[in-house]
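A.B. asks: Build me a model:
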Amino acid sequence: MRDGVAGCCDNLACHLDDRQAEILDWGCGAGTAGAVLAGLGYRVIDGTDASGHMLAQARATRAYRRLFSTTSPAELPDRSYDAVVVAQAFSDGDASPDALEGLVRLLRAGGVISLAVAPEGGLADASERMCAAGALLKMKATWDRLAATGEPAITLLVLGRF
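C.D. replies: Numbers count the residues shown, from 1 in each chain. Below is the predicted model:
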């Protein structure tokens, strides 16, 4: 099974050439995605997490421009990022699929959101609804499978904003 964080960041890199783009790592946790993004050459990465302990760990990676505590995308200004990465928060249950609309609101025109989600989380369904409504353009979806059962283990989505 492919690592969800690396897959999420790799998918973003396939659709975001500008290494100076402003990226938000939503639910950054210990900063794993930020470190992967920095390793891919991105230099302007902000991270959010509800846990001060996790933010301290993320700070230690030195991958982030800014780190701040928040539990809702509504606390951040509209159209403030070129990309949003959600590498673990949705699959770990730290955010609800309803937050997807708020995260999309943070994207500038032409922005990209890359998500790694558990299939049962409902986020894939929420993204499909937003695509059908014209709020998003679905660019890519891949599924990793559990070796023993062949069942989906993680869904990686890259979505773009009009």
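A.B. asks: tally of neighbours for the residue nearest to residue 82 when sequence neighbours are not counted?
C.D. replies: The shortest distance from residue 82 to any non-neighbouring residue, by C-beta to C-beta, 6 or more residues apart in numbering, is to residue 21 (3.8 Å). Where C-beta positions appear, they are placed from N, C-alpha and C, glycine not excepted. Residue 21 has 18 neighbours, counted by other C-beta atoms under 10 Å.
A.B. asks: Quick check on residue 21: phi, psi?
C.D. replies: Residue 21 adopts backbone torsions of phi -60, psi 150, taken as degrees, to the nearest 10.
A.B. asks: Also the one 4 residues further on?
C.D. replies: In this entry, residue 25 is assigned phi and psi values of phi -100, psi 100 (degrees, to the nearest 10).
A.B. asks: What count of nearby residues applies to it?
C.D. replies: Every residue meeting other C-beta under 10 Å relative to residue 25 is counted, giving 32.
A.B. asks: where's it relative to residue 18, distance?
C.D. replies: Per C-beta to C-beta, to the nearest Å, residue 25 is found 16 Å from residue 18.
A.B. asks: repeat for residue 48
C.D. replies: From residue 48 over to residue 18 (counting by C-beta to C-beta), the distance is 21 Å.
A.B. asks: picking up where we left off before, I'd guessed the residue nearest to residue 82 sits against residue 46; true?
C.D. replies: No - Residue 21 is beyond contact range of residue 46, at 11.5 Å (criterion: C-beta atoms under 8 Å).
A.B. asks: Strands of this protein, residue ranges please.
C.D. replies: 22-26, 44-48, 66-68, 81-86, 107-117, 137-145, 152-160 (DSSP state E).
A.B. asks: By mean pLDDT, show me the worst of those strands.
C.D. replies: Ranked by mean pLDDT, the strands of the chain end with strand 137-145 in last place, scoring a mean of 66.
A.B. asks: longest helix of this protein?
C.D. replies: helix 4-15 (DSSP state H).
A.B. asks: Could you list every helix and strand that that one packs against?
C.D. replies: helix 32-39, strand 81-86, strand 107-117, strand 137-145, strand 152-160 (3 or more C-beta pairs under 8 Å, 6 or more residues apart in numbering; DSSP states H and E).
A.B. asks: I am finished for the moment; much appreciated.
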